[in-house]
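*Asks:* I would like the atomic coordinates for the input below:
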Amino acid sequence: MDNMKFNSMGEHVKKLLRECGDNVTIYPLAKIVKPEVIDIGSNSMIDDFSFIYGGKGIKIGKYAHLESFVSIIGGGKLVVGDYAVIATGSRILTGTDTYYGGKRMSTALPEEKRNVIRGKVVIEKDGFVGTNSVIHPNVTIGEGAIIGSNSLVLRDVEPWSINVGTPSRKIGERPKVKEELNEL
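*Replies:* Modelled structure (predicted):
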């Protein structure tokens, strides 16, 4: 591999980020494309085998964790709040192709031949996206909400709720975090 490929992976990418907090860990096999539009808060972690496409901008808060095999794709925007987790194998889609208007859905085509929906995904403070879940564009996962493993999220999720299924539905509530963390 040449130096350009290495620069988009692991710790090498930190110097290319728009903003990078203190004590950020980006493991060597995490790949980040368009790092110049990405902000990562202090003490956050991105595990090996994650793929992040910066799209129109990504902001990751402090103490957030993107676990292994997470994909962030689609070309839209993403906001991940402080203390949030995106668990192993989850997919965050900030954009997707649609068949609307009789358009083709091949991402190999020029964009004018496709009908692409790009939007913003927000995972608020203390949000948790469970293993192998899929979040679609234009969705907000409210503060403290939990998305159970293997869920498909197509609509906004209430704060401090527990949600599961395909498509996801609310099944309960989570107690609010009572203590604010000062810097550890």
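*Asks:* all contacts plus neighbour counts: C-alpha atoms, from now on.
*Replies:* Fine.
*Asks:* sketch out the low-pLDDT regions of the chain for me.
*Replies:* Scanning the chain for pLDDT under 70 picks out the ranges 1-7, 180-184.
*Asks:* could you pull out the helices for it?
*Replies:* Using DSSP state H, the helices of the chain run over residues 3-7.
*Asks:* partners of G172 in the sheet?
*Replies:* Here G172 sits in beta bridges with I162, going by DSSP bridges.
*Asks:* and I40, by the same measure?
*Replies:* C20, I60.
*Asks:* that one touches G57, doesn't it?
*Replies:* No - at 11.2 Å, I40 and G57 do not qualify as touching, with contact defined as Cα atoms under 8 Å.
*Asks:* and those two? which has more neighbours close in?
*Replies:* When I40 is set against G57 and neighbours are counted by other Cα atoms under 10 Å, the residue ahead is I40, at 25 against 19.
*Asks:* pull the contacting residues for that one.
*Replies:* Each residue near I40 by Cα atoms under 8 Å, 6 or more residues apart in numbering is listed here: L17, E19, C20, G21, V24, K59, I60, G61, K62.
*Asks:* for the closest residue in space to the fourth one that isn't next to it in sequence, grab the count of nearby residues.
*Replies:* On the basis of Cα to Cα, 6 or more residues apart in numbering, the spatially nearest residue to G21 that is not a chain neighbour turns out to be S42, at 4.0 Å. Other residues within reach of S42, judged by other Cα under 10 Å, total 19.
*Asks:* for S42, give its distance to D22.
*Replies:* Using Cα to Cα, to the nearest Å, one obtains 5 Å as the distance from S42 to D22.
*Asks:* what's near enough to touch A87?
*Replies:* Contact analysis of A87 by Cα under 8 Å, 6+ apart lists H65, L66, E67, S68, V70, F128, V129, G130, T131, N132.
*Asks:* do I have it right that the fifth one meets Y53?
*Replies:* Which is V70. No - contact status for V70 versus Y53: not in contact, 11.1 Å apart, counting by Cα under 8 Å.
*Asks:* neighbour count: the two, which is higher?
*Replies:* V70 (25 against 22).
*Asks:* which ones are touching the more buried one?
*Replies:* Each residue near V70 by Cα under 8 Å, 6+ apart is listed here: F49, S50, F51, I52, I86, A87, T88, G89, S90, R91, I92.
*Asks:* tabulate those residues (TSV), appending distance to A108.
*Replies:* As requested, the contacts of V70 are arranged in TSV below (distance: Cα to Cα, whole Å):
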residue	distance to A108
F49	24
S50	23
F51	19
I52	19
I86	28
A87	29
T88	28
G89	24
S90	24
R91	20
I92	20
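*Asks:* what is the nearest of those to V79?
*Replies:* I92 (10.8 Å; Cα to Cα).
*Asks:* thought the closest one was touching I135?
*Replies:* Yes - I92 sits in contact with I135 when judged by Cα under 8 Å, with a separation of 4.9 Å.
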